[in-house]
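[1] Here is the input, now give the coordinates:
(chains A and B)
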Amino acid sequence: MYPQVLFQNRKPDRIATLDEYRQSGGYRALTDVLKNYSNKDVQQAVMDSNLLGRGGAAFPTGMKLMSVADDASFPRYIVCNADEMEPGTFKDRVLIHADPHMLIEGIIIAGFASLAEKGIIFIRPEYENAAGILEREIEIARKEGYLGENILGSEYSLEIVVHRSAGRYICGEVTALMNALMGKRPNPMKPPPYPTEKGLWNRPTVLSNVETFACIPHIIRNGGQWFKDLAKTEKGAGTKIFCISGKVQHPGCYELPLGIRLSEIIEKYAGGMLDGSEFKAFLPGGASTQFLPNQFYDIEMDFDSLRQAGSRLGTGAIMIFDHKTCLVGATLNLIEFFARESCGWCTPCREGLPYIRDLLHRIESGEGKREFIPMLERMSKHLWSAYCAFAPGAISPVEGLLNHFKDEVEEHIRLNTCPFK
Amino acid sequence: MPKLVIDDTEIEVEPGIKVIEAAARLGIIIPRFCYHPALGSVGACRVCAVMFLEGPFKGVQMSCMIEAQDGMIVSTTDKEAVDFRKHVIEWLMINHPHDCPVCDEGGHCLLQDTTISGGHGNRRYLGNKRTYPDQNLGPLIQHEMNRCIHCYRCSRFYQEFTGYHDLGVLGIGNHTYYGRFNEGTLESPFTGNLSDLCPTGVYTDKPSRYFGRRWDYQRSASICINCSLGCHTTVSIRYRQVKRQEARFNEAVNGYFICDRGRYGFFYASHQSRPRQARLNGEEVSFAQAMDAAERRLGEFDPSVIAVAGSLRSTLETQAALKHLCQVKGWKGPVLFAEPKTQHSVQTAVKRLEPHLAISLKEVEESDFIIVVGADPLNEAPMLAMAMRQAQRKGARIVLLDPRPISLPFDFLHLPVPPDKLGVYLGSFIKSAVDPETANDLEKKAAEFYHNVPADIVTDIRSELVSPAIHGLRSSRRPVVVCGTDIVPTPLPAQAADVALFLQAVGKKAGLFYVLPGANAFGAGLLSTGGQSFTELIEDIENGTVKALIVAESDPFWYFPDRYRLARAIDSLDLLLVVDYIGSEAARRAHIFVPASSLYEAGGIFINQEGRVQAGPQAFLGGIPISETGAGDHPPRQYGARIPGSEDLPAWSVLADLAVADSQGSQPLGRTDIWKWLVAFLPEFENLNSFQQIPEEGVRFNLRTNTSQHFAAKWSSQAENKIERENNLELILVEWTFGTEELSALSSCLHELEWEPCMYMHRRDAGDLNLRDGDRVAIHIDNLSLEIHLQVVENMAPGLLIVPRHRQLNWQVFGPGKILIGRNWIQKAT
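    Numbering: from 1, shown residues only, chains lettered A, B, ... in the order given. So this is what the prediction gives:
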């Protein structure tokens, strides 16, 4: 059993109360920070921990906090992205349901690091339960003096509100999220300016994922080295909540060290493959990552090694596919989602994804032609020239399919039907 | 200055220029859909992709999104970039219908051109096309959403550029929709630009629908004469019918866009009611017969009882011909203005618009503080509102002093000041933004100006609301004073000029921008010096000192504020000769009517409100549209040597004929003669030499600086007549965007856009009179009455009634001059 940091207070049937959180050391980091730290100290502490953003992009959180210029204007904003819509990903929901104050404390500390006056938790509307929990617990935290004017008697003040998204995948993209918060269409905006420079209403805005914020109190309390040591690999840092789904015995959410091998996750934690199922492929980090075939069964699950394998750790949502699953069908399913969720801003994404969906649909239903494969390859490549990172993400499963399972695609075309049916 | 290489050619551009623009300067037109110089870059369509080989960016990148930088090597023909662009076109075409043969955009469609030049000829996509429902967007714009390629130009123009929000983007992904939440007429008065902007046929021009391809039309440059701004346009004519007007780029005036009043204001030219035949006492006669009769009849009068009148829409040539007639014949006039007050205001404006003060519409966009006084931009000169919005988007603060309930599509501070206080408020405002110490250091006249401005109101307006605006003026570097001339008291234009001078004296790059009450009001201001207005002319007719009247390009029944008195006077004339191109009331009553050519058939010079002399060239030969002479739109089956209904001559030419009528053996006069007359009156025209030499972008008419008029405006506040104010409300007549301008009022497609005429009254006054919003009220004046809907508002000056000079309204019952309405004359209509 590996140390449980983010899930240390996780219970099978209810959320951890404030007292339970405090008993486990909760809010000690905040007290310490407000008493003994400058905001730059906090930035440095996060920087030293090598914490990388857990929302999928893996941007160093310390660097993000430091990029708010000292003389930047006020008010500044701290935004928690709880718009968890990546297919296969459900860690943020589990985390909020497990220990909401850990998130709240993390936001307050990160808010202090950037001297934000207003915090916003931008949450997926389907997570109404979680939104309700957060609103209730924020109120409790306020009564305890952790939020509001002069937190714990310090100079620092912060309010946090919970904002329900209107409910599209693209709203989880940083700049689209900000547009949504400002009441505009959630189209992504190409930086510069960067959000930490000119974000919400042209003010500095620090935006991170739920899991990222939840790591921060522990980093403050235990130090950067401790956090780095949590990981199994040299370059990794911290634990990671993996969401395991697919053809395994025990799908679910597991907090495990970064860099743990996939084989260990499947065999030790997910209970192995389903009876009669053979491991065939997996998506390592949600729907917008590349399929990897069984030669990567032993891969170390961290940012670097997955990048080397040609995929990404993404959100850490691992989907396991077995030998009976048609990957053309699986890819089509994912592309259906992305084609639907494209914001419609740029041509490659808006028109290219439905085109690819059409090609895949024809292949899957036995109408495929040989020339579809080079078409898919060209278009996948061109989708990298879309406006934002949505299309490159969306096209990743197609690229994985073509890179590792082209035989399967060709077989569909040769047989004029799906061989798995 | 960044130096880069595009397709093996080096170019140096100023910093901030995007690669797509830098390439355009080399003559390399990179494909584009979403990019538009006025709307900027957003990187949505991805069709401007090029290959960046060297420099800070590498690989296939969008040329509209990247600024030219030193050391860049860019290839527009790189294989990978070309392949990407081909894919973009293919992607766009998977859903675009193949309906080019029945699409009005076909033939001048950016998508069509780009598809063909990109070589996308074979459809590979096997799926169905996406379809959308279309909306009825009103009388001007046809909506056909299936054709949409999602460039976002429409919504960006509509919402960001013009500031209206009833058209925008709905939905997501492949079903993104551009339209209104609910079907209905578009609210913006700038909607016609959508058909210019749309790179394909989603928004097409509704009035010209299915009438012709681009190459079927006779197309010509022209200028808009529906307000005083003089925007540049292109007219399209087919089958002798002026059918369509588009915006024509002009950097100094209108930029890329025009308003709907201007765009659709041309229908008078091919209107069914347009008189094409000369008439003598109601009988149709030939042109020659009418001219003979005119010469004979005019000869019967003593020159002193003949008067001539034009108007603010008469061409400069007509105005000059009228002036010339008066000089050589000893006739009265020319009478060009309706009322002495307007005449005085416009003449002052013309005199005070010295070269160092005058600015163009484009320069309004560049200003950082705008104070508007006595002008209603959206209603009087819509494109001015657009220019102000662009300034505001760049951070300019805007203050508006005007009694009317003004709405504009951007944030501004409105101080509803009664007309007679506009000047002192303006002065006080400026005074409060300048410290006395600064003022004392100025040269004597400027310092005196500062001290002469009444200060008592300064405290009055220095409220919380106003102080940010005062601060804005204090810190501004390029402030602009916009001054109206329609409803304002006569000293105001001079005061506005002095204010602009003063702002220059304190070191600001200040500009002055007048709004005038007609397309050629500037010309009228120059040429009617010393002359009367129509108000005085009426008196002359009434007392018998004028017995014959020549009216050219003018309809007093449109603009004179007492229709019954006018009718009586006109009917008492021994001779009324009307020369015009519209079937006006005056034309109907004329003893002799001579049809004139319109701007499109004859060309003409107009001077816009900034003194820009602009020539609209001849666009076609004229004649009755084939739709009227033939069966339907079919070309004629019988051919004749002459064009039916093309006997008309330009009004100035008709007048010139009258001028030489009794001189023996004289040659018919031409434009060169008119030019000679013009130069005689306005020596400034000498440098231009001829009509043809007026440059396409126009040329600023610069009166010499006259320092004796600097800081000479009077600031004394008129003594207030308390009793008069208590017993009466002052009624002011105003312009609206649609329905009050003479020529565009003949465009039936604009009728649907007109608001129902109403009278505005302040809530306080309505309360006193026990009237409510929406009431129908009657105003009784002597034996006449005007019935009108009441709109009760708070954002106007109390003590006033505001009524539009609307074509649907019989407003010409009030008489000239200041209109005081006794409170007890206003009653709820039963």
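[2] what sits against B:Asp115?
    Quick fix: residue B:115 is Thr, not Asp. Residues in contact with B:Thr115 (C-beta atoms under 8 Å, 6 or more residues apart in numbering or on different chains) are B:Ile89, B:Leu92, B:Met93. In short, each C-beta sits where N, CA and C put it, glycine included.
[3] near chain A at all, the helix or strand harbouring the first one?
    It stands for B:Ile89. Assigned by DSSP states H and E, B:Ile89 falls within helix B:79-93. Yes - residues of helix B:79-93 contacting chain A under C-beta under 8 Å from any C-beta of the partner chain: B:Asp83, B:Phe84, B:His87, B:Val88, B:Trp91, B:Leu92.
[4] could you give the angle of the following helix or strand past that helix to helix B:79-93?
    Downstream of helix B:79-93, the first helix or strand assigned by DSSP H and E is helix B:110-117. If you take axes from the mean of the first three to the mean of the last three C-alpha atoms, to 10 degrees, helix B:110-117 sits at 130 degrees to helix B:79-93.
[5] Name the SS class of B:Leu53, please.
    strand (DSSP: H, G, I helix; E, B strand; the rest coil).
[6] isn't it right up against B:Thr76?
    No - in this structure, B:Leu53 is not within contact of B:Thr76 by C-beta atoms under 8 Å, at 11.1 Å.
[7] So if I had to pick from these two, which one is more boxed in?
    More neighbours surround B:Thr76 than the other of B:Leu53 and B:Thr76, with 22 against 14 (other C-beta atoms under 10 Å in any protein chain shown).
[8] how about the nearest residue to that one, chain neighbours excluded?
    Excluding its sequence neighbours, the residue lying closest to B:Thr76 (C-beta to C-beta, 6 or more residues apart in numbering or on different chains) is B:Val50, at 4.7 Å.
[9] what do you get for B:Gly484?
    Nearest residue to B:Gly484 in three dimensions, chain neighbours excluded: B:Ala375, at 3.1 Å (C-beta to C-beta, 6+ apart).
[10] who are the neighbours in contact with the one you found?
    B:Ala381, B:Leu384, B:Asp402, B:Val482, B:Cys483, B:Gly484, B:Asp486, B:Val515.
[11] Which ones among those lie within strands?
    The strands, defined by DSSP state E, take in B:Val482, B:Cys483 from those.
[12] can you map out the helices along the stretch 1-150 of chain A?
    A:18-23, A:28-36, A:39-48, A:61-66, A:91-98, A:100-114, A:128-143 (DSSP state H, counting those that start in this stretch).
[13] Same question for the stretch 651-800 of chain B.
    B:651-659, B:671-681, B:722-727, B:748-751, B:763-768.
[14] Pipe those into JSON lines and attach mean pLDDT per row.
    Converted to JSON lines, these look like this (pLDDT from 0 to 100):
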{"stretch": "helix B:651-659", "mean pLDDT": "89"}
{"stretch": "helix B:671-681", "mean pLDDT": "87"}
{"stretch": "helix B:722-727", "mean pLDDT": "80"}
{"stretch": "helix B:748-751", "mean pLDDT": "96"}
{"stretch": "helix B:763-768", "mean pLDDT": "95"}
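[15] Out of the ones you listed, which is closest to B:Ser220?
    helix B:671-681 (17.5 Å; C-beta to C-beta).
[16] Distance from the closest one to the middle of the chain?
    Averaged C-alpha coordinates place helix B:671-681 at 27 Å from its chain's average position (C-alpha atoms, centre = their mean, to the nearest Å).
[17] just to revisit the earlier point, tell me which other helices or strands the helix holding B:Ile89 touches.
    helix A:347, helix A:372-382, strand B:49-54, strand B:59-62, helix B:110-117 (3 or more C-beta pairs under 8 Å, 6 or more residues apart in numbering or on different chains; DSSP states H and E).
[18] Share the number of residues neighbouring B:Asn440, please.
    10.
[19] how about the residues of chain B near chain A?
    B:43-47, B:49, B:60-61, B:65, B:83-84, B:87-88, B:91-92, B:94-95, B:124-127, B:149-150, B:152, B:169, B:171-176.
[20] how about the residue nearest to B:Thr76, what does it touch?
    Here B:Val50 is in contact with B:Val19, B:Ala23, B:Ile30, B:Val60, B:Gln61, B:Ser63, B:Val74, B:Ser75, B:Thr76, B:Asp78, B:Ala81 (criterion: C-beta under 8 Å, 6+ apart).
[21] Let me know the pLDDT of it.
    Per-residue pLDDT puts B:Val50 at 98.
[22] Kindly report the same for B:Arg704.
    The model reports B:Arg704 with a pLDDT of 80.
[23] ok, now how distant is it from chain A?
    48 Å (C-beta to the nearest C-beta, to the nearest Å).
[24] among the helices of the stretch 651-800 of chain B, which is nearest B:Lys341?
    Among the helices of the stretch 651-800 of chain B, helix B:722-727 sits nearest to B:Lys341 (C-beta to C-beta), with 17.7 Å.
[25] now for the closest one, which elements pack on it?
    Against helix B:722-727 (3+ C-beta pairs under 8 Å, 6+ apart) you get no helix or strand.
[26] In contact with the closest residue in space to B:Gly230 that isn't next to it in sequence: list those residues for me.
    Leaving aside its chain neighbours, B:Gly230 sits nearest to B:Asn608 (3.3 Å; criterion: C-beta to C-beta, 6+ apart). Residues near B:Asn608 by C-beta under 8 Å, 6+ apart: B:Ser228, B:Leu229, B:Gly230, B:Val253, B:Ala519, B:Phe522, B:Gln614, B:Gly698.
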